[in-house]
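# only the shape, not the letters, is given here:
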């Protein structure tokens, strides 16, 4: 079950933003200035092997790109 605090609505779609989810990984890649490279961690970020784009469902890829775009629109970037 996903906690209400781990949900976000972006462009009318509700996404899971829990740690390691496709949306979370997309927003993190944007935050850290990394390129768009869809992936996620089913067991949480850096726990276990990542699922990469070729093995993701269309919905998982959509969530990743939505997370990336969500952060791009907010303008939030890591200051090094």
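Done, it's in. None of the values given here were measured: they were computed from a predicted structure.
# this protein: helices as residue ranges?
With DSSP state H, the ranges of helices along the chain come out as 22-31, 58-74.
# kindly reformat those helices as a markdown table containing distance to residue 46, mean neighbour count and mean pLDDT.
C-beta coordinates here come from the backbone N, C-alpha and C atoms, glycine included. Output for these, formatted as a markdown table (distance: least, Cβ to Cβ, whole Å; neighbours: other Cβ atoms under 10 Å; pLDDT from 0 to 100):
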| stretch | distance to residue 46 | mean neighbour count | mean pLDDT |
| --- | --- | --- | --- |
| helix 22-31 | 10 | 24 | 98 |
| helix 58-74 | 16 | 18 | 97 |
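# in TSV, list the ones you listed along with distance to residue 47.
Putting the helices of the chain into TSV (distance: least, Cβ to Cβ, whole Å) gives the following:
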stretch	distance to residue 47
helix 22-31	13
helix 58-74	17
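# so which of the ones you listed is nearest residue 43?
helix 22-31 (12.8 Å; Cβ to Cβ).
# go through the helices of the chain and name the closest to residue 41.
helix 22-31 (7.1 Å).
# and the contacts of the closest one?
8, 15-18, 34-41, 45, 56, 60-61, 63-72, 76-78 (Cβ atoms under 8 Å, 6 or more residues apart in numbering).
# can you give me the end-to-end distance of stretch 44-55?
17 Å (Cα to Cα, to the nearest Å).
# distance between it and the chain's centre?
11 Å (Cα atoms, centre = their mean, to the nearest Å).
# sweet, I'm off.
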